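J.: Please find the sequence and the predicted model below.
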6 protein chains.
Amino acid sequence: MKISARNQLPGTVRATTMGAVMAEVTVDVDAGAIVAAITRGSAESLELKVGDKVTVLIKATEVMIAK
Amino acid sequence: MKISARNQLPGTVRATTMGAVMAEVTVDVDAGAIVAAITRGSAESLELKVGDKVTVLIKATEVMIAK
Amino acid sequence: MKISARNQLPGTVRATTMGAVMAEVTVDVDAGAIVAAITRGSAESLELKVGDKVTVLIKATEVMIAK
Amino acid sequence: MKISARNQLPGTVRATTMGAVMAEVTVDVDAGAIVAAITRGSAESLELKVGDKVTVLIKATEVMIAK
Amino acid sequence: MKISARNQLPGTVRATTMGAVMAEVTVDVDAGAIVAAITRGSAESLELKVGDKVTVLIKATEVMIAK
Amino acid sequence: MKISARNQLPGTVRATTMGAVMAEVTVDVDAGAIVAAITRGSAESLELKVGDKVTVLIKATEVMIAK
């Protein structure tokens, strides 16, 4: 399965924080660290834990540029 | 000025494509290339051109994880 | 590969419209039709065409409720 | 009042989970279940509860396609 | 009908630009001007034109803070 | 540094609510109050507190119109 999200970066889960509804997942990628705020349900469904090899996905319409 | 967007990656503009309303900007970062779809008005306001040193900004709530 | 986007609906591409930067893709799902605005580059990369079996993905943080 | 969000699916609230800041709302629609992560303030303002007839709204620019 | 989007600002359409897929709509609100990038299909469905009284809607999870 | 987000409104922080993962920040702007749901990490990194002068940033692709 191929997904339309233009930005897909491979990385490794460095940390996870669980809230009641949301979860924060920090992923080490080559460019540094990327923080994702996903639902706790998603994090649990993926059984995300430190050290997991994952891919970070970001839709192009969500990316901003500063100069 | 400091911005709440958790993900800020430095990079260099590799390509820009202009549409009537939207613009696509490809930025080379350490992790590879990031594609941003911003308004043409934003691209023009920033005077974005190939070779520009920029920062890519992504809000944590927009990031997904695949495993 | 499993993705954190909570909402994944199977469907069939009914129509595509290409712009210079963006593409609109209409997908028939059981609940009706879902319209996606993705980059033209994504649509071309996926070689999307009418009749394709696809999955519509929507991050939970992007969903609103009206009552 | 008509809203620009292209995707509007009628459904019924199946479950709600409240966090300190965010709320997760699961809505049964014809295509299956849609999960929304909205602010707790929004959920309280709408007085969302199981069984409520609601409409799920999703902006086209937030929809992705996998194939 | 009440919608979960936390931010709803009344305003007047000042300008519209149509692309093949997307439309840019500039709305004068009390705080200044707000620019929306919506699909051309949405703009046509709402029959948006200069001078229209509209409401700008923004989901709280899409708002960033700079300081 | 100039950012591509088209909508930038100056305001004053009126309230903050902290969850385990997310934070809600209410900012008074000329048009009324804007609510932002950002990560707790962002709120802490910016040391956001009531009375702070801030700028609210919203990407044009995240704005909807109702009429």
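T.: The structure has been received and is ready for your questions. Here the structure is a predicted model, which means the values were calculated and not measured. Residues are numbered from 1 along each chain as shown, chains lettered A, B, ... in the order given.
J.: make it CA atoms for all contacts and neighbour counts henceforth
T.: Noted.
J.: For the strand ranked longest in chain A, what does the pLDDT average out to?
T.: Longest strand in chain A, counting residues (DSSP state E): strand A:7-18. Average pLDDT, strand A:7-18: 97.
J.: just the CA coordinates of it, formatted as PDB?
T.: Provided in PDB are the C-alpha atoms of strand A:7-18 (Å, rounded to 0.1, in the frame of the first residue of the first chain):
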ATOM      1  CA  ASN A   7       6.600  13.400   3.300                       C
ATOM      2  CA  GLN A   8       7.700  10.000   4.700                       C
ATOM      3  CA  LEU A   9      10.800   9.900   7.000                       C
ATOM      4  CA  PRO A  10      12.100   6.700   8.500                       C
ATOM      5  CA  GLY A  11      13.100   6.900  12.200                       C
ATOM      6  CA  THR A  12      13.200   5.300  15.600                       C
ATOM      7  CA  VAL A  13      10.800   6.000  18.500                       C
ATOM      8  CA  ARG A  14      12.800   7.800  21.200                       C
ATOM      9  CA  ALA A  15       9.900   8.500  23.700                       C
ATOM     10  CA  THR A  16       6.200   8.200  24.200                       C
ATOM     11  CA  THR A  17       3.900  10.100  26.700                       C
ATOM     12  CA  MET A  18       0.400   8.900  27.200                       C
END
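J.: Which strands or helices does that strand pack on?
T.: Contacting strand A:7-18 under the criterion 3 or more CA pairs under 8 Å, 6 or more residues apart in numbering or on different chains; DSSP states H and E are the following elements: strand A:22-29, strand A:53-58, strand B:32-39.
J.: Around chain B, pick out the residues from chain A.
T.: A:6-7, A:9, A:29-38, A:46, A:52-67 (CA under 8 Å from any CA of the partner chain).
J.: Filter those down to the buried ones.
T.: Those of the residues of chain A next to chain B that meet the buried threshold are A:6-7, A:9, A:29, A:31, A:33-38, A:46, A:53-66, by 16 or more other CA atoms under 10 Å in any protein chain shown.
J.: Of all the residues in chain A, which one is nearest chain F?
T.: residue A:66 (4.0 Å; CA to the nearest CA).
J.: Show me what counts as buried in the helix or strand containing residue A:43.
T.: Residue A:43 is part of helix A:40-45 when elements are defined by DSSP states H and E. For helix A:40-45, burial by neighbour count (16+ other CA under 10 Å) applies to A:40, A:41, A:42, A:43.
J.: Give me the distance between residue A:6 and residue F:21.
T.: 26 Å (CA to CA, to the nearest Å).
J.: same question but for residue A:18, I mixed them up
T.: Taken as CA to CA, the span from residue A:18 to residue F:21 is 7 Å.
J.: Tell me which of the two has more neighbours.
T.: With neighbours defined as other CA atoms under 10 Å in any protein chain shown, residue A:18 and residue F:21 compare such that residue F:21 has more, 26 against 17.
J.: re earlier: can you add mean pLDDT and distance to residue C:13 and give the helices and strands packed on strand A:7-18 back as TSV?
T.: Formatted as TSV, these follow (pLDDT from 0 to 100; distance: least, CA to CA, whole Å):
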stretch	mean pLDDT	distance to residue C:13
strand A:22-29	97	32
strand A:53-58	97	22
strand B:32-39	96	23
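J.: is it possible to export those to JSON lines including distance to chain E?
T.: Output for the helices and strands packed on strand A:7-18, formatted as JSON lines (distance: least, CA to the nearest CA, whole Å):
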{"stretch": "strand A:22-29", "distance to chain E": "12"}
{"stretch": "strand A:53-58", "distance to chain E": "14"}
{"stretch": "strand B:32-39", "distance to chain E": "7"}
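J.: Among those strands, which comes closest to chain C?
T.: Short answer: strand B:32-39, nearest of those by CA to the nearest CA, at 7.4 Å.
J.: could you check the angle strand B:7-18 makes with the closest one?
T.: 60 degrees (axes from the mean of the first three to the mean of the last three CA atoms, to 10 degrees).
J.: List the strands paired with strand B:32-39, with their directions.
T.: strand B:22-29 (antiparallel) (DSSP bridges).
J.: Can you list the buried residues in the strand it pairs with?
T.: B:22, B:23, B:24, B:25, B:26, B:27, B:28, B:29.
J.: Now residue A:53. Nearest residue, chain neighbours left out?
T.: Nearest residue to residue A:53, sequence neighbours excluded (CA to CA, 6 or more residues apart in numbering or on different chains): residue A:12, at 4.7 Å.
J.: and that neighbour, how far is that from chain C?
T.: 15 Å (CA to the nearest CA, to the nearest Å).
J.: Kindly report the same for residue A:13.
T.: For residue A:13, the distance to chain C - CA to the nearest CA - is 14 Å.
J.: So residue A:56 sits against residue B:65, correct?
T.: Yes: at 4.8 Å, residue A:56 and residue B:65 qualify as touching, with contact defined as CA atoms under 8 Å.
J.: For the residue of chain A found nearest chain E, give me the pLDDT.
T.: When scored by CA to the nearest CA, chain A has residue A:62 as its residue closest to chain E, at 9.5 Å. With respect to pLDDT, residue A:62 scores 97.
J.: Contact partners for it?
T.: Residues counted as contacts of residue A:62 (CA atoms under 8 Å, 6 or more residues apart in numbering or on different chains) are B:36, B:37, B:58, B:59, B:62, F:61.
J.: Which single residue of chain A ends up nearest chain D?
T.: For chain A, CA to the nearest CA, closest residue to chain D: residue A:3, 4.0 Å.
J.: circling back: any idea what the residue of chain A closest to chain F is bridged to?
T.: Under the criterion DSSP bridges, residue A:66 forms beta bridges with residue B:55, residue F:3.
J.: does it really touch residue F:6, like I thought?
T.: No: judged on CA under 8 Å, residue A:66 makes no contact with residue F:6 at a distance of 11.4 Å.
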